[in-house]
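# Here is a sequence together with a model predicted from it:
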Amino acid sequence: MSSAVSAVSAVKLVRSTRLTSAVDYAYGAVVDAPARSLWLAGACPLDEEGRTVSVGDFEGQAHQVMRNLMTVLEDAGAGLTDIARTTVYVASGDQADLVKVWKVYRAYMGEHDAPSTLLGVSVLGYHDQLVEVEAVAVLP
């Protein structure tokens, strides 16, 4: 899983030594001013025709969501390492489903462990949609 990587990211991740290191994300992100930010709509598991892909498959939808997220970042001249924060939504009350999606998300993010919130929600906007990721990025 690769992404467009900016030469120099304006995002500096904060890892506190006074909080647990048992989490796989940074606790904060500092953006050195001046910087331009990119606020991304929630990336959805839709193909080019607007159809929901991988119906019933949390991991399959997570892959499509991350590919769609990367496309918008690339269109703006950025990559996954320019993300300052994300929210990952999973339409499930089962923590195991959230973990499945989180593993796919983390695989794409690699060592860039931007602050993120993982949420189980009752429903998402598109028919058969199980996963959505929204993000804020800082343009290089």
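Everything's here; your move.
# ok now the longest helix anywhere in the chain, how far from the chain's centre?
Looking across the chain with DSSP state H, the single longest helix is helix 58-75. Put simply, helix 58-75 sits 8 Å off its chain's centre (C-alpha atoms, centre = their mean, to the nearest Å).
# List the buried residues for it?
Going by neighbour count (16 or more other C-beta atoms under 10 Å), the buried part of helix 58-75 is 58-66, 68-70, 73. In short, each C-beta sits where N, CA and C put it, glycine included.
# Please export the C-alpha coordinates of that helix as PDB.
Written as PDB, here are the backbone C-alpha positions of helix 58-75 (Å, rounded to 0.1, in the frame of the first residue of the first chain):
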ATOM      1  CA  PHE A  58     -15.600  -4.500   6.200                       C
ATOM      2  CA  GLU A  59     -12.000  -4.900   5.000                       C
ATOM      3  CA  GLY A  60     -13.000  -4.700   1.300                       C
ATOM      4  CA  GLN A  61     -14.800  -1.400   1.900                       C
ATOM      5  CA  ALA A  62     -11.900  -0.100   4.000                       C
ATOM      6  CA  HIS A  63      -9.500  -0.700   1.100                       C
ATOM      7  CA  GLN A  64     -11.800   1.200  -1.300                       C
ATOM      8  CA  VAL A  65     -12.200   4.000   1.200                       C
ATOM      9  CA  MET A  66      -8.400   4.400   1.600                       C
ATOM     10  CA  ARG A  67      -7.900   4.300  -2.200                       C
ATOM     11  CA  ASN A  68     -10.500   7.000  -2.600                       C
ATOM     12  CA  LEU A  69      -9.000   9.100   0.200                       C
ATOM     13  CA  MET A  70      -5.500   8.800  -1.400                       C
ATOM     14  CA  THR A  71      -7.000   9.900  -4.800                       C
ATOM     15  CA  VAL A  72      -8.300  13.200  -3.300                       C
ATOM     16  CA  LEU A  73      -5.000  13.800  -1.500                       C
ATOM     17  CA  GLU A  74      -3.100  13.200  -4.700                       C
ATOM     18  CA  ASP A  75      -5.400  15.600  -6.600                       C
END
